[in-house]
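Novice: Okay, here's the prediction I keep looking at, along with the sequence it came from:
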Amino acid sequence: MKKEYHIAVVGATGSVGAELLRVLERRHFPTAKIRALASGKSAGRKVKFRNEPITVEELRENSFDQIDIAFFSAGGETSRKFVPVAREAGATVIDNSSVFRMDPDVPLVIPEINGQDAKQHRGLIANPNCTTAVALMAIYPLHRAFGVRRVFAASYQAVSGSGARAIDELTQQIKSGERDTASFSPSGSTLPATVYPHPIAFNLLPHVDSFLETGYTKEEMKMQNEARKIMHLPQFCASVTCVRVPVYRAHSVAVSAEFDRTVSVERAREVLAKAPGLELVDEPQNNRYPMPLGVTGKDNCQVGRVRLDCAFENGLSFWVSGDQLLKGAALNAVQIAELL
């Protein structure tokens, strides 16, 4: 008989936590019991799983007793404090924060790419950064065909990556802007901004995560560092500019990639069309290409605008989009659990 697991979802009331519950349900993950965990201020709220209400409990030291798998989606501070507690209690942790991703003893896994790494876990597996996950869904199959050397990329990241407060803030700013066009005049916006340093509605922010001394942000360096680990490619280089855009959900990445071997658009499309978890949507003459609206709520990422890169001798340029809350977070985490 198939084993059923006792599951804990840390951050169950957040955007990713709520999506995790939905993914576990629709993928029929063998679940005997769900424990929904969150901060004290969310304790007592109800979440649903299989049409049954579950009362959210406050995250405590004893929250992981008799838990088999613990999904963490409550931020780095929470992971740093409670992941060791969960492991000590005997749970296998799948962590969505960045805290443990670069730890050499912790597998960093995208199942379609390096699922075998999950088998080497010691009670903890890290989920990659959402932008890295979406981009690598297209970069990796091309790497297998042509040998990727380096990429230049720009991300277009939805506010869902910053959580429910950012989604609410975008909504309020849009409503304010529609009521008062002066709110987004060139002379300066009066839209209230608390999640980001500037209004995100009607705007673009070339600023995701904190800045480093190099001028890059932490988010921008994640694609290079995490991709090296996931693809087992220590020489891989990525120069990335991460941009927050007024899109609710789903990230997109414009990629220019240089390869070791001679490339062709025809072969690249053939490779991408067969890649697991990826759909080729590449008919620009018919206005068909990946878009955030087209991938929202979908498990698969999409890739299109495939063309020879005019700046690289062996280069391809392409555009990839994926649901940030699914492949960028909750879906990938559940797929990891399915490997265990």
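Specialist: Yep, that arrived.
Novice: right, and H207 touches I200 too?
Specialist: No: using C-beta atoms under 8 Å, H207 is not in contact with I200; the gap is 10.5 Å. Every residue, glycine included, has its C-beta placed from N, CA and C.
Novice: quick one: contacts for A118?
Specialist: Under the criterion of C-beta atoms under 8 Å, 6 or more residues apart in numbering, the contact partners of A118 comprise 107, 109, 111, 125, 336, 339-340.
Novice: Compare H207 and I200 and say which is more crowded by neighbours.
Specialist: Applying other C-beta atoms under 10 Å to H207 and I200 shows that I200 carries more neighbours, namely 23 against 16.
Novice: Are we agreed that the more buried one is in a helix?
Specialist: No: residue state for I200 (DSSP: H, G, I helix; E, B strand; the rest coil) corresponds to coil; a helix is not indicated.
Novice: Let me see the contact set for it.
Specialist: Taking C-beta under 8 Å, 6+ apart as the contact definition, I200 lies against 159, 166, 169-170, 173, 193, 244-246.
Novice: residues contacting the residue lying closest to R244 once chain neighbours are set aside?
Specialist: Excluding the flanking residues, the one nearest R244 by C-beta to C-beta, 6 or more residues apart in numbering is L205, at 4.3 Å. For L205, the residues meeting the contact criterion (C-beta under 8 Å, 6+ apart) are 196-198, 243-244.
Novice: next one: E4
Specialist: E4 is in contact with 30-32, counting by C-beta under 8 Å, 6+ apart.
Novice: if I look at it, how far off is A154?
Specialist: Distance, E4 to A154, using C-beta to C-beta, to the nearest Å: 44 Å.
Novice: can you check S321 too?
Specialist: Distance, S321 to A154, using C-beta to C-beta: 13 Å.
Novice: ditto for K48
Specialist: For K48, the distance to A154 (C-beta to C-beta) stands at 38 Å.
Novice: which other helices and strands contact the helix or strand that contains A227?
Specialist: With elements taken from DSSP states H and E, the one containing A227 is helix 218-231. Packing contacts for helix 218-231, counted by 3 or more C-beta pairs under 8 Å, 6 or more residues apart in numbering; DSSP states H and E, involve helix 111-114, helix 130-146, strand 148-157, strand 237-244.
Novice: Over to stretch 175-195 now: how far is its first residue from its last?
Specialist: 17 Å (C-alpha to C-alpha, to the nearest Å).
Novice: For stretch 225-240, buried residues please.
Specialist: 225-231, 236, 238, 240 (16 or more other C-beta atoms under 10 Å).
Novice: picking up where we left off before, just the ones of the contacts of I200 in helices?
Specialist: 166, 169-170, 173 (DSSP state H).
Novice: how about those in JSON lines, adding distance to V23 and neighbour count?
Specialist: Formatted as JSON lines, the ones in helices among the contacts of I200 follow (distance: C-beta to C-beta, whole Å; neighbours: other C-beta atoms under 10 Å):
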{"residue": "A166", "distance to V23": "21", "neighbour count": "20"}
{"residue": "E169", "distance to V23": "25", "neighbour count": "21"}
{"residue": "L170", "distance to V23": "24", "neighbour count": "23"}
{"residue": "Q173", "distance to V23": "29", "neighbour count": "23"}
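Novice: Name the SS class of W319, please.
Specialist: For W319, the reduced secondary structure class is strand; criterion used: three-state DSSP.
Novice: I figured it hits A257, correct?
Specialist: No: taking contacts as C-beta under 8 Å, W319 lies outside contact range of A257: 12.0 Å.
Novice: These two - which one has more neighbours?
Specialist: For W319 against A257, the residue with the higher neighbour count under other C-beta under 10 Å is A257, and the figures read 26 against 22.
Novice: Could you find the closest non-adjacent residue to that one?
Specialist: V151 (4.5 Å).
Novice: ok, now which ones touch the one you found?
Specialist: 135, 139, 237-240, 255-258.
Novice: if we can go back for a sec, what subset of the contacts of E4 is buried?
Specialist: When those are checked for burial by 16+ other C-beta under 10 Å, the buried set is T31.
Novice: Need the contacts of E4 in JSON lines (columns: distance to F72, secondary structure and pLDDT).
Specialist: Shown next, in JSON lines, are the contacts of E4 (distance: C-beta to C-beta, whole Å; DSSP: H, G, I helix; E, B strand; the rest coil; pLDDT from 0 to 100):
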{"residue": "P30", "distance to F72": "20", "secondary structure": "coil", "pLDDT": "96"}
{"residue": "T31", "distance to F72": "17", "secondary structure": "strand", "pLDDT": "96"}
{"residue": "A32", "distance to F72": "20", "secondary structure": "strand", "pLDDT": "94"}
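Novice: Out of the contacts of E4, the closest to R80 would be?
Specialist: Closest to R80 out of those is T31 (26.8 Å), distances taken as C-beta to C-beta.
Novice: what pairs with that closest one across the strands?
Specialist: T31 has the following beta-bridge partners by DSSP bridges: Y5.
Novice: these two touch, right, it and A8?
Specialist: No: counting by C-beta under 8 Å, no contact exists between T31 and A8, whose distance comes to 11.0 Å.
Novice: Can you list the buried residues in the helix or strand of the chain with the lowest mean pLDDT?
Specialist: With mean pLDDT, DSSP states H and E as the measure, the helix or strand of the chain carrying the lowest mean pLDDT is helix 164-179 (a mean of 88). Counting neighbours by 16+ other C-beta under 10 Å, one finds that the buried residues in helix 164-179 are 166-167, 169-170, 173-174, 176-177.
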